[in-house]
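Colleague: Provided below are the primary sequence and the corresponding predicted coordinates.
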Amino acid sequence: MMVFLASLLGSFTTPMKIGTDPLSMLWLLPLVASIAVVYKATKVHSIRSWPFAKESAVLFGSIVVFIVVAAVILFGITWIVTEQLPALLDKSSF
């Protein structure tokens, strides 16, 4: 039992390796679901199953949409800085 407990506690000391490919980004969804449920649980006055699930789903969707929009904007900025800007700077205006 102590070996199991030690290995369980030891697993929290090394971070999990998550890649940056699109399939690895699916790990974002359980995290966002957890955040939405816990946040709504702390903000609503009374928890009833249907309104709580609906509000949590709306919050989940809005967080995911915000993350996608932020990723697209950051990708666009990175594309401009790394691909377009050097080409503009290489051209001489004379």
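Modeller: Perfect, thanks for sending it. Treat the numbers as computed from the prediction; the structure is a model and nothing was measured. Numbers count the residues shown, from 1 in each chain.
Colleague: Could you pull up the contacting residues of the residue nearest to the spatial centre of the chain?
Modeller: With distances taken as C-alpha atoms, centre = their mean, the residue of the chain nearest its centroid is residue 28 (4.5 Å). Contact analysis of residue 28 by C-beta atoms under 8 Å, 6 or more residues apart in numbering lists 64, 67. C-beta here means a position set from N, CA and C on the backbone, and glycine is covered the same way.
Colleague: what's the following helix or strand after the host helix or strand of it?
Modeller: Using DSSP states H and E, residue 28 maps to helix 28-43. Later in the chain than helix 28-43, the nearest helix or strand by DSSP H and E is helix 49-79.
Colleague: List the buried residues of the following helix or strand past that following helix.
Modeller: Using DSSP H and E, the helix or strand that follows helix 49-79 in sequence is helix 85-90. Judged by neighbour count (16 or more other C-beta atoms under 10 Å), helix 85-90 contains no buried residues.
Colleague: Averaged pLDDT, helix 85-90. What do you get?
Modeller: Averaging pLDDT along helix 85-90 yields 76.
Colleague: CA atoms of it as PDB?
Modeller: Taking Å, rounded to 0.1, in the frame of the first residue of the first chain, the C-alpha atoms of helix 85-90 are listed here in PDB:
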ATOM      1  CA  LEU A  85       7.600  41.300 -42.000                       C
ATOM      2  CA  PRO A  86      11.100  39.900 -43.000                       C
ATOM      3  CA  ALA A  87      10.100  40.000 -46.600                       C
ATOM      4  CA  LEU A  88       9.000  43.600 -46.300                       C
ATOM      5  CA  LEU A  89      12.200  44.600 -44.500                       C
ATOM      6  CA  ASP A  90      14.400  42.900 -47.100                       C
END
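Colleague: residue ranges with poor pLDDT in this structure?
Modeller: Applying pLDDT under 70 to the chain flags residues 92-94.
Colleague: same thing but at 80, please
Modeller: 11, 14-18, 86-94 (pLDDT under 80).
Colleague: how many neighbours does residue 82 have?
Modeller: 9 (other C-beta atoms under 10 Å).
Colleague: ok, it to residue 74 distance?
Modeller: 12 Å (C-beta to C-beta, to the nearest Å).
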